[in-house]
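Enquirer: What follows is a protein structure lacking sequence information:
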C-alpha cells in the first residue's frame, strides 16, 4: 500500500496521527484491492491498516483475491460506510471463509486497548489516509450524514457489487423438486428457456434500502386533467417521498442522492446508478416544488456540479446518455427553474450551472432533443473547452 502523495508538515502529521482515527485490519490477504473513500490500493505483505483518518463519514471498500495457485483474480467489490470519531481505533480481522472483514473484535475492549498501547510499533505497517483525494470525497458526501447512510445501508452492513440472490422457492423436499418443470428437453424458444429458470430474489438483509419512488405521480381519485398535470409536474410524487422519508429534514434527500452515486461510482453497484437516475428525474421534473423548496434545489445544483465533475466525459456516451436521459432531464430542470415564481437566486444559480455544463460537455439544452446522443454545440474555431 503506497503512502499519500501529499507532502505533509511533520507537526501536522504527528497531530493527525494522534487525533485521527485508525483502522486496524489484520490478516487481509496480499493482493487484495482495498480502499477508503476515493482511493484504493493492492495490499502488500506488511499491511495492517490505515491511520490518520479524519473523523467523519467514510466508505471502506475491498475486493478479495484468489490464492496464487488459482491465478490472480479480483472478486466483486464489497463496501461499507463507517463514521469514525477522533482517536477511535476500529479493529477487524479477515474472515478467510467469508472473504470479508469481521469487525466483532472492535467490541472487545481488551483487544482494542492492546492495539492502542502498541500503536507506535504498528505504525510502520499502517498506510496514511489519502489526503490528496480528501477534497473530492468531501464534495461527494457533504450532504450525507451517518443517520442517512445507516438508514440506506443494507441490514447486513455490506454493500455488494453483485446481489446476493437465492431461489424464491426453497425446494428442500424431493416431492417439491419433482413437481417442477423438467429441463431435460430442448427449449422451443428463448422465452421458454427463461421461464424454466428458477425465480430468484435478493437474500433478506442484503438489499439497499432506498426510498421508494411512487410509480403513480398523481393522487388517488385524480381527474384526467390532474393526471395530465401531475404527469408533467412530479411535485406531488416528490412531496410524497419527502413526507414519508424526510419530513423533518428534506435536505437529507440530497444525502440519499449522494449515497446512491457513491455506491455506483466507488462501490460498482449498478442499482445505485438506477436509483440516482430515478431520484434525479423526480427532482428535476417537479416544477411546483422548485418554488416551495428553494434550499433543496440550490443544494441539488451544488451536488450535481461535483458529481458530474467526477465522471469522465466518455462515460456519458456509454451509460448516462442512453435514451438521452441526462440531457433531457436537465433540460426540464433548466426550463422549470426559469419559470415564474422561482426564487431569483435559484434562477441565477441554475443559469450559471447550465452555462458550465454547456461549456464542459458541449450540450445545448435549448435545442429540441431527439433520441440520439447529446446535442453538441458548434464552437468558434480555436475555442478551447476545459
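Expert: Received the coordinates, thanks. This structure is a prediction, so every number in the text was calculated from the model and none was measured. Numbering: from 1, shown residues only.

Enquirer: ok but residue 25 is inside a strand, no?
Expert: Yes - assessed by DSSP: H, G, I helix; E, B strand; the rest coil, residue 25 belongs to a strand.

Enquirer: Which strand residues bridge the nearest residue to it once chain neighbours are set aside?
Expert: Excluding the flanking residues, the one nearest residue 25 by C-beta to C-beta, 6 or more residues apart in numbering is residue 49, at 4.6 Å. From N, CA and C alone the C-beta is placed, and that goes for glycine too. Under DSSP bridges, the beta-bridge partners of residue 49 are residue 24, residue 126.

Enquirer: Check which element follows the host helix or strand of residue 274 along the chain.
Expert: Take DSSP states H and E as the rule and residue 274 turns out to sit in helix 270-284. Under the assignment DSSP H and E, the closest C-terminal helix or strand after helix 270-284 is helix 287-292.

Enquirer: what mean pLDDT does the helix or strand just after that following helix have?
Expert: Proceeding N to C from helix 287-292, the next assigned helix or strand is helix 294-309, under DSSP H and E. Helix 294-309 shows a mean pLDDT of 96.

Enquirer: repeat for stretch 59-72
Expert: Summarised as a single mean, pLDDT over stretch 59-72 is 74.

Enquirer: pull the longest helix from this protein.
Expert: helix 344-361 (DSSP state H).

Enquirer: Report the buried residues of that one.
Expert: For helix 344-361, the neighbour count (16 or more other C-beta atoms under 10 Å) marks 346, 349-350, 353-354, 357-358, 361 as buried.

Enquirer: follow-up on the earlier one: what residues does the helix holding residue 274 touch?
Expert: For helix 270-284, contacts defined as C-beta atoms under 8 Å, 6 or more residues apart in numbering pick out 163, 208, 210-211, 213, 234, 237-238, 241, 253, 256-257, 259-264, 289, 296-297, 300, 304, 319, 325, 329-330, 332-333, 336.

Enquirer: One more: stretch 26-45?
Expert: Against stretch 26-45 from outside (C-beta under 8 Å, 6+ apart): 1-2, 23, 25, 47-50, 53, 58-65, 67, 72, 74, 77, 91-94, 96, 101, 127, 129-130, 132-134, 136-137, 140, 266.

Enquirer: repeat for stretch 230-245
Expert: The contact list for stretch 230-245 (C-beta under 8 Å, 6+ apart) reads 211-214, 216-219, 222, 250, 253, 256, 281-283, 285-289, 292.

Enquirer: mind checking how far it is from the chain centre?
Expert: Taking C-alpha atoms, centre = their mean, to the nearest Å, the mean C-alpha location of stretch 230-245 is offset from the chain mean by 22 Å.

Enquirer: In it, which residues are buried?
Expert: 230, 233-242, 245.

Enquirer: Can you add secondary structure, distance to residue 151 and pLDDT and give the residues you listed back as TSV?
Expert: Formatted as TSV, those follow (DSSP: H, G, I helix; E, B strand; the rest coil; distance: C-beta to C-beta, whole Å; pLDDT from 0 to 100):
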residue	secondary structure	distance to residue 151	pLDDT
230	helix	27	93
233	coil	28	96
234	coil	23	97
235	helix	24	97
236	helix	24	96
237	helix	20	97
238	helix	19	98
239	helix	20	97
240	helix	18	97
241	helix	14	98
242	helix	15	98
245	helix	8	97
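
Enquirer: And the residues you listed, which is closest to residue 110?
Expert: Closest approach to residue 110 among the buried residues of stretch 230-245 (C-beta to C-beta): residue 245, at 40.5 Å.

Enquirer: Show me where the stretch 1-150 of the chain dips below the pLDDT cut-off.
Expert: Within the stretch 1-150 of the chain, the ranges that satisfy pLDDT under 70 run 1-8, 67-72.

Enquirer: next one: the stretch 151-300 of the chain
Expert: 163-166, 168-198, 200-202.

Enquirer: which residues of it fall in helices?
Expert: All helices of the stretch 151-300 of the chain, identified by DSSP state H, counting those that start in this stretch, fall at 174-178, 190-196, 224-232, 235-245, 252-265, 270-284, 287-292, 294-309.

Enquirer: can you tell which of the ones you listed is closest to residue 108?
Expert: helix 252-265 (30.3 Å).

Enquirer: rewinding a little: would you list the buried entries among the contacts of helix 270-284?
Expert: Buried residues within these, counting neighbours by 16+ other C-beta under 10 Å: 163, 208, 210-211, 213, 234, 237-238, 241, 253, 256-257, 259-264, 289, 296-297, 300, 304, 329-330, 332-333, 336.

Enquirer: quick revisit: only the buried subset of the contacts of stretch 230-245, as a ChimeraX command please.
Expert: Only the buried entries of the contacts of stretch 230-245 go into this ChimeraX selection, using 16+ other C-beta under 10 Å:
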select :211,213,217,218,250,253,256,281,282,283,285,286,287,288,289
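
Enquirer: Alright, that wraps it up for me.
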